[in-house]
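[1] any chance you could fold what I've pasted below:
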Amino acid sequence: MAKEIVVKIKLQAPSGQATPAPPIGPALGQHGVNIGQFVSQFNERTKDLKGIIVPVVITLYKDKSFSFEVKSPPAAVLLKQAAEVAKGSGVPNKEKVGKVTAEQVRKIAEAKMKDLNAHSLDQAAKIIAGTARSIGIEIIG
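    Got it, this is the predicted structure:
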C-alpha cells in the first residue's frame, strides 16, 4: 500500500551546498522531518551542479519519511550564466544587460524541456526567449 502524503513543499536551494538554515530548516522542521538527513541526501544528489540554485519538491509522508525531486535550475539563472551577468535589468525594455545566442537559448531549452509546458523544442525555446526578454538579455543570431 502506498504511503499517505501529508504535504508537498517547494523550495529553492543552492545545489551541493544546502544547510539546515532557512529556507530549508524552518520549512521541514515544522513538519518534524530529519533536516540533517534531507540536507545530506540533497547535497549528495546535487553536488555536480556547482552551487547553482535549484528548485526541489519535497514530499512528506505521514510516517515522517520524505522523498524529493530535484528540478532543473530556473531559466533566468541559466540565462544569466550564459550571458555572464550577475543580475537582470530593472527596466528590461530600455536597458539591456547582456547577450546570448539563439544556440545558447536552444541548449537551455533542451536542458529545461522536462520541466516546461511545451510539446516541441521550438516552443520551449520561445519560452526561454521570453524569459530572456523579461530580464533584459538580448538574443542575437
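[2] max-length helix in this protein?
    If you go by DSSP state H, the chain has its longest helix at helix 121-134.
[3] tell me the helix or strand right after it.
    Helices and strands here follow DSSP states H and E; after helix 121-134, the next one along the chain is strand 137-140.
[4] which residues are contacting that following strand?
    By Cβ atoms under 8 Å, 6 or more residues apart in numbering, the surrounding residues in contact with strand 137-140 are 79-80, 83, 85, 88, 96-102, 105, 129, 132-133. C-beta coordinates here come from the backbone N, C-alpha and C atoms, glycine included.
[5] what of stretch 103-110?
    Applying Cβ under 8 Å, 6+ apart, the contact partners of stretch 103-110 are 75, 78-79, 82, 116, 118, 121, 124-125, 127-129, 132, 139, 141.
[6] circling back to that earlier point, run through who's touching the longest helix of the chain.
    So helix 121-134 is contacted by 75-76, 79, 88, 92, 100, 102, 105-106, 108-110, 112-113, 116-118, 138-139 (Cβ under 8 Å, 6+ apart).
[7] with stretch 63-78 instead?
    Under the contact criterion Cβ under 8 Å, 6+ apart, stretch 63-78 has outside partners 3, 12, 15, 28, 31-34, 38, 41-42, 45-46, 49, 52-61, 88, 108, 111-112, 114-115, 127-128, 131, 135.
[8] if you set the cut-off to 6 Å instead, what comes out?
    With contacts defined as Cβ atoms under 6 Å, 6 or more residues apart in numbering, stretch 63-78 is touched by 32-33, 46, 52-60, 108, 111-112, 115, 128, 131, 135.
[9] for ChimeraX, what selects the buried ones among those residues?
    Buried residues among the contacts of stretch 63-78 (16 or more other Cβ atoms under 10 Å), as a ChimeraX selection:
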select :33,46,52,54,56,58,60,108,111,112,128,131,135
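[10] excluding sequence neighbours, find me the nearest residue to K62.
    Nearest non-adjacent residue to K62, counting by Cβ to Cβ, 6 or more residues apart in numbering: E4, 4.3 Å away.
[11] what's the burial count for that neighbour?
    8 (other Cβ atoms under 10 Å).
[12] this completes my enquiry, with thanks.
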